[in-house]
Every structure is written in structure tokens, then in C-alpha cells.
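# Give me a model of this one.
(2 chains)
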Amino acid sequence: MRNFATLTRMRIQLTLRNKMFLFFTVLMPFAFFFLYAGVFAKGQPLVVKFFLGPVVALTVMGSFWGLSAALVMFREQGILRRFHVTPVTASDMLASSIVANYVLMFPTVLLEFIFARSIFHVANFGNLLATFVLISIGTVSFASLGLVVASVTNTMQETQVINQLLWLPLIFLSGATFPLAFLPKVVQNVSLFLPATYLVQGLRRAIFESAPLSDHNVLISLGSLVCWAILTFFLSAQLFRWEPEVKVRRNAKLLVVATAIPFLLLGLWENKFGDIPAQAQSAFDSLNGPQKSAPPPDTPK
Amino acid sequence: MGHSILEVENLVKSYGEVQAIRGVSFTVEEGEVFGLLGPNGAGKTSTVEILEGLRDLDGGRVSVCGLDPQRDSQALKHEIGAALQSTSLPDKLRVMEALRLFSSFYKRRRNPEELLKRFGLEEKRNAFYSQLSGGQKQRLALAMALVNDPKVLFFDEPTAGLDPQVRREIYDIIEELKREKKTIVMTTHYIEEAERLCDRVAIVDHGKVVALGTPRELKTRSGGSTRIEVRLAKPEPDGALKNLEGVADAREVDGAYVIHSHRPPQTIVAIVKHLEAQGNELVSLEIASPSLEDVFIEMTGRRLRD
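All right, here's what the predicted structure looks like:
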């Protein structure tokens, strides 16, 4: 436990000294934030509030990118080997990555909310507790995804390729960039198989529709992400490699597919019985409805 | 056996088809500096990594401080210290932070300040790892191996890639540890290093121990003879040099002829006369007292070089 704590402190310290960190964890999310809030939402408070979920989800999901790269770099440079001759365990190493990532991510997310209030005058953020829990679970589960990517790839190049392959569907098919309601029916069907969709839609539900923790769809989002986080963390601990020259076993890559099973089942269920696309649609419609009849009072002219 | 701090019995390890270690056995006594000397790829590093609990073994038995590195790896790690080959630290970690961080992992700890002073890193205490020179990095690696005041130290090629002056600095450090009666297992492919630092040496080649003993024992075993190395203008037929006066052994190694002689002056005269008679010419001649290199050549027919 003590090793885990000191490692976490080291990871936070090292990340703060890294300029790449500033770019990926601070500048990029804020660029997204101002793009969505300023350009897409044209600064209208209600629309900014609608886009806050997707923006925060993007910030949170970005975790896996930096985490996988950092871990693979540690392995490739022989840094993990040095820790391997000490009593530090694989779980210490992995858990410290996740917690350090959480600590570093949180101020960025918090600032996004503060900016939404102070710059774009968003009056309230829906259900704060549900939002907070979803963000926390989301950060941990996507960080875990990063650990799995690090475990199943042998080189930095491979890692970056996999990251790209994961990132694109996660942001385009989940409603994180284009609202789910905006996407064709087929894509909506596909999106229900993606973990990112449950994070984005859960956040929309909590922030935009003020759904509490006990809400049916918030619970589905939380439950599925928790399951997934546990599976991916367990798997990455099993596949963890300290040595750069030890390659990942062939059959291990199959196990990765196993972590997708919860979302495969959930996707089937939601496609048949769920109401997530319908909810997303009505949330999206509510943006246009009142605006056409009554423009926001603070708009000039 | 019985009270040795480290025991290796018939150790076997393969990587796929390649047999890296084929039945290595040796023991190390407390307070001893034990060297594994051999060319790259001889299986030295694999042996040490198994002893450190970093790798699993395929066959045989090893025990370090009475522990099985495979079964009791967690307990073992508190007892050993290591300076590994091809390892590194995060670029943006400071020297003092590294010592503090690594000492925090152990139950038994040494004062990091004292280590910093002892390894001459005081001025670099706040420097990032990436700002250190090769020698400073290696000194830090050795200091880090001592943070838990270990019972056994493993140094894997402690001076590889360092320039001669820095290498001597590292020798001084190891000699000091030796005076403190630390048990050290080190690997090297430098003859000089093994002769200067090790109480006993196992010469390893192709995954086997080909000779084991104190450097002195090994050298007397090679005949206690002087080494004469000659290069010739034309090749000599095999065996021709063997029959000259005083010659114990002669063989061709990498285009040179390494001759061991009990009576060097007579042998040199005999060589010159022999070459004259053959119409051959002497290109160069070197005389040296026997070294572990000769033992290695004798056992393997090859030179111990990169």
C-alpha cells in the first residue's frame, strides 16, 4: 500500500514536469471545450450545457492515450525492469498509474465546469453527484483501457496505432463529437456496443436532464463501466510485462476481446429494449424547440 | 555447501529453441566477490536475472539467502540489491528523488544522504536523471542497489560502455564494498575487471561453466606459463610452433598465434630461428604474463572480446 502511494506521487510529479502532458491533458481539452461551447453552441447557455457532457467525456476518455504511451515508454526504456528488482508489484504499478491519472485529470474537468459557469453562464450542472460519480468511474475505466493497450502491444508504434484505432470510433460513434440524435439509425445501433456511448449518454442524462444516480440509464452507464474497469484492470495485471524483450503471448490478445463481452451483451439488450437513442433525440430536440419560438432573452436584437 | 549464501545447482534455461544456460553450478560464500566472466551471450545475465527473481528457470535449483527466487520472490527482493544492465530511470526524476523513492520500497533502509555523499553525487542531488553523464548514471545505479543495505549485491556488467577513467572509479567503489565484506555477484566480459575485483571467478561460455576458481588458481591451471603472441607474415602450419623449445601450448586465435612457454627467452629465440628457416617473417611479438584471457582461450579456443 505504501509503495503504491509513493509511486503515485512520483507519477504525478513526473507528469507535471512533462511538457507533452500540458498539451494533452490541459490544452487539448480546453481547445475542445471552447470549440464546442464557443463555436458549436455559439455561447448559448442551454446548448453549452448540452455539449458539456460530450466535452467532459472527451477529456476523460483521453486518459487511455497518455497512460498507455507512458507505460510502454517505461517498459521500452528499461525503467520497469529497475522497479522489478524491488518489492514493487504489478498492481502497485498499475494502480498508481490510474490514481495519478485521476488526480491530474480532475482539475481540468473542474475548470471546464468553472468556465461553463463563468464564461458561458450555464446556470446549473444538473445532478452533481451523478455527474461526479460518472466522471470518476469514466476516468478510471478509460485509464484501465490504456493499461490493457500497453499490455497487448510490444512497441510504441504498435501502441499508437491501436490508440488511433480505438480513439476514432470512441469519439465519432458515441455522440462525443456529433450528438447521437444526429447520427443515422445504423450508427446509433452500433454505438450501443461502445463503452464511450454509455459514458457520453450517462453524462448527458446527469448534466442536461438532471437525472439522479438512481436513474435507470445512469445506473446502466455506471454498472457497465464499473464492470469493464474491473475486467480491464484485472486483465492488464495478468498481462503486465516488466521486461522490454518479453513479448505478449498470442492468445493473450484474445483475452482482450473478452473485455468487450459486457458491452456486447449490453449492446444487444439496449438495441432491443433500451431507450438511449430516444432520450438522446428528445434532449437534442429540446435544444431547437424553444429557441425557434423564443430566442434567449440576452441575445441582442 | 550448506552455509553458502547463494547456491546454483545444475541451472538450465532456454528461450524457445535456444538453450541459454545448460547446467550451471556454483556457490557463493558470504563476503565474497564472485565473478561470472564470459563473452556476450554466454548466459551470464540470464543466470543473474534468475538469481534476482526476474526470470523463471527451466531446470535445476537455486537459492539466495536461503530463499527460492521463484517462490519467495517478494521476500528475496528485500534482501538483494542490483545494478542491472540496459535499465534506466525516468528522465525527469532527480537524483535525490530516485534514492528516496527506491529506499521507500524496503523494510530495511540506508540513509540516502549518506549514499549520495559516498558515491560522489552530492553536487548532482537535484539534477534530472537525463542530465547525468554515463559515469554518474552508473554511480547512481550502484548507490540505488545499496538503498536497502542488501545481503547480496548483483552487478551486471557494471562498467560496460564506460570509458577507462570512469571504469576505474567504479572499480574503486566496488573495492570499497569488498572491504566492507559485502557479498557481490558480478558479471563481466573484461578480464582486467575479473582479475582485479573478484575473489573467485567462473568462466562461462555457451551456457556452461568451463572453469572455476580464484584468478590465481585459474592462471596456474593454464600452465603458469608466459604468453607470447606473434603475428606472422605468412601462416604457419598447425603444430609447427608447438614443438619449439619450452612451448607448452600454441594455437592460432584470430590470425595471431598464442604460444604459452615455460622458458620465454629460449622460446623466442627458437621462434625466430624457426621462422628464418621457413622463410617466414615476424610482424609483431608481444609478451605477457598469463591472464584469465589465456584460460579462456585454452578452454574455448576463442578470444574473450566483443
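# for chain A, what are the nearby residues on the stretch 51-200 of chain B?
B:52-54, B:74, B:77-78, B:80, B:82, B:84, B:86-90, B:92-93, B:97, B:101-102, B:104-106, B:144 (CB under 8 Å from any CB of the partner chain). Bear in mind the C-beta positions are built from the backbone N, C-alpha and C, glycine included.
# Residue ranges in the stretch 151-300 of chain A under the pLDDT threshold?
Residues of the stretch 151-300 of chain A that meet the criterion pLDDT under 70 lie in A:289-300.
# quick one: residue B:185 is in a helix?
No. Counting by DSSP: H, G, I helix; E, B strand; the rest coil, one finds residue B:185 to be strand, located in no helix.
# can you pull the contacts of it?
Each residue near residue B:185 by CB atoms under 8 Å, 6 or more residues apart in numbering or on different chains is listed here: B:6, B:28, B:34-36, B:48, B:51, B:152-155.
# Restricted to strands, list those.
Among the contacts of residue B:185, the members falling in strands are B:6, B:28, B:34-36, B:152-155 (criterion: DSSP state E).
# can you pull out the helices in the stretch 51-200 of chain A?
A:63-76, A:79-84, A:90-118, A:128-152, A:156-172, A:185-191, A:195-207 (DSSP state H, counting those that start in this stretch).
# tell me the SS of the residue lying closest to residue A:275 once chain neighbours are set aside?
Sequence neighbours aside, residue A:217 is the residue nearest to residue A:275 in space, at 7.5 Å (criterion: CB to CB, 6 or more residues apart in numbering or on different chains). Secondary structure state of residue A:217, per three-state DSSP, is helix.
# Residue A:199 is in contact with residue A:217, correct?
No. Residue A:217 sits out of contact with residue A:199 when judged by CB atoms under 8 Å, with a separation of 11.9 Å.
# which of these two has more neighbours?
residue A:199 (32 against 20; other CB atoms under 10 Å in any protein chain shown).
# In contact with the residue nearest to that one when sequence neighbours are not counted, which residues?
The shortest distance from residue A:199 to any non-neighbouring residue, by CB to CB, 6+ apart, is to residue A:138 (4.5 Å). Applying CB under 8 Å, 6+ apart, one finds that residue A:138 lies in contact with A:57, A:60-61, A:199, A:203, A:225.
# Which single one of those residues is nearest to residue A:86?
residue A:60 (31.8 Å; CB to CB).
# Backbone torsions only: list them for residue A:227.
phi -50, psi -50 (degrees, to the nearest 10).
# Let me fix that, I meant to ask about residue A:193.
Dihedral angles (degrees, to the nearest 10) for residue A:193: phi -100, psi 0.
# residues near it, how many?
18.
# cool, and residue B:301?
10.
# I'd guessed it sits against residue B:254; true?
No. Taking contacts as CB under 8 Å, residue B:301 lies outside contact range of residue B:254: 10.6 Å.
# And the residues of the stretch 51-200 of chain B next to chain A, which of them are buried?
B:52-54, B:77-78, B:80, B:82, B:84, B:87-90, B:92-93, B:97, B:101-102, B:104-106, B:144 (16 or more other CB atoms under 10 Å in any protein chain shown).
# what residue is smack in the middle of the chain?
By default, I'm working from chain A. Nearest residue to the geometric centre of chain A (CA atoms, centre = their mean): residue A:61, 2.3 Å.
# To clarify, I was referring to chain B.
Closest-to-mean residue, chain B, CA atoms, centre = their mean: residue B:188 / 2.4 Å.
# Who is that one paired with across the strands?
Taking DSSP bridges as the rule, residue B:188 bridges to residue B:37.
# Could you report the neighbour count for the closest residue to the residue nearest to the centre of chain A other than its chain neighbours?
Nearest in space to residue A:61, with sequence neighbours left out and distances taken as CB to CB, 6+ apart, is residue A:142 at 5.0 Å. As a burial measure, residue A:142 scores 29 neighbours (other CB under 10 Å).
# any idea how far residue A:142 is from chain B?
Distance of residue A:142 to chain B, computed by CB to the nearest CB, to the nearest Å: 23 Å.
# With residue A:277 instead?
From residue A:277 over to chain B (counting by CB to the nearest CB), the distance is 45 Å.
# tell me the secondary structure for that residue?
Taking three-state DSSP, the label given to residue A:277 is helix.
# Contacts only, for it.
With CB under 8 Å, 6+ apart, residue A:277 has these contacts: A:180-181, A:188, A:192.
# one more time with 6 Å, if that's ok
Listed by CB atoms under 6 Å, 6 or more residues apart in numbering or on different chains, the contact partners of residue A:277 are residue A:188.
# for residue A:197, same thing?
A:174, A:191.
# now it: how far from chain B?
36 Å.
# Strands of the stretch 101-250 of chain B, start to end?
Taking DSSP state E, counting those that start in this stretch as the criterion, the stretch 101-250 of chain B carries its strands at B:152-156, B:183-188, B:200-205, B:208-213, B:226-232, B:247-253.
# As TSV, those strands with distance to residue A:73 and mean pLDDT would be great.
Listed next are the strands of the stretch 101-250 of chain B as TSV, based on distance: least, CB to CB, whole Å; pLDDT from 0 to 100:
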stretch	distance to residue A:73	mean pLDDT
strand B:152-156	22	96
strand B:183-188	27	96
strand B:200-205	33	94
strand B:208-213	37	92
strand B:226-232	47	88
strand B:247-253	43	84
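# can you count the residues close to the residue nearest to residue B:55 when sequence neighbours are not counted?
Among residues not flanking residue B:55 along the chain, residue B:49 sits closest, at 4.6 Å (CB to CB, 6+ apart). Neighbours of residue B:49 under the rule other CB under 10 Å: 24.
# Helices of chain B, start to end?
B:44-51, B:73-79, B:95-103, B:112-118, B:134-145, B:164-179, B:191-197, B:215-221, B:264-278, B:292-300 (DSSP state H).
# Reformat the ones you listed into JSON lines and put distance to residue A:274 and mean pLDDT next to each item.
Below are the helices of chain B laid out as JSON lines (distance: least, CB to CB, whole Å; pLDDT from 0 to 100):
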{"stretch": "helix B:44-51", "distance to residue A:274": "52", "mean pLDDT": "95"}
{"stretch": "helix B:73-79", "distance to residue A:274": "47", "mean pLDDT": "94"}
{"stretch": "helix B:95-103", "distance to residue A:274": "48", "mean pLDDT": "96"}
{"stretch": "helix B:112-118", "distance to residue A:274": "57", "mean pLDDT": "93"}
{"stretch": "helix B:134-145", "distance to residue A:274": "55", "mean pLDDT": "94"}
{"stretch": "helix B:164-179", "distance to residue A:274": "66", "mean pLDDT": "92"}
{"stretch": "helix B:191-197", "distance to residue A:274": "69", "mean pLDDT": "90"}
{"stretch": "helix B:215-221", "distance to residue A:274": "77", "mean pLDDT": "83"}
{"stretch": "helix B:264-278", "distance to residue A:274": "93", "mean pLDDT": "89"}
{"stretch": "helix B:292-300", "distance to residue A:274": "72", "mean pLDDT": "79"}
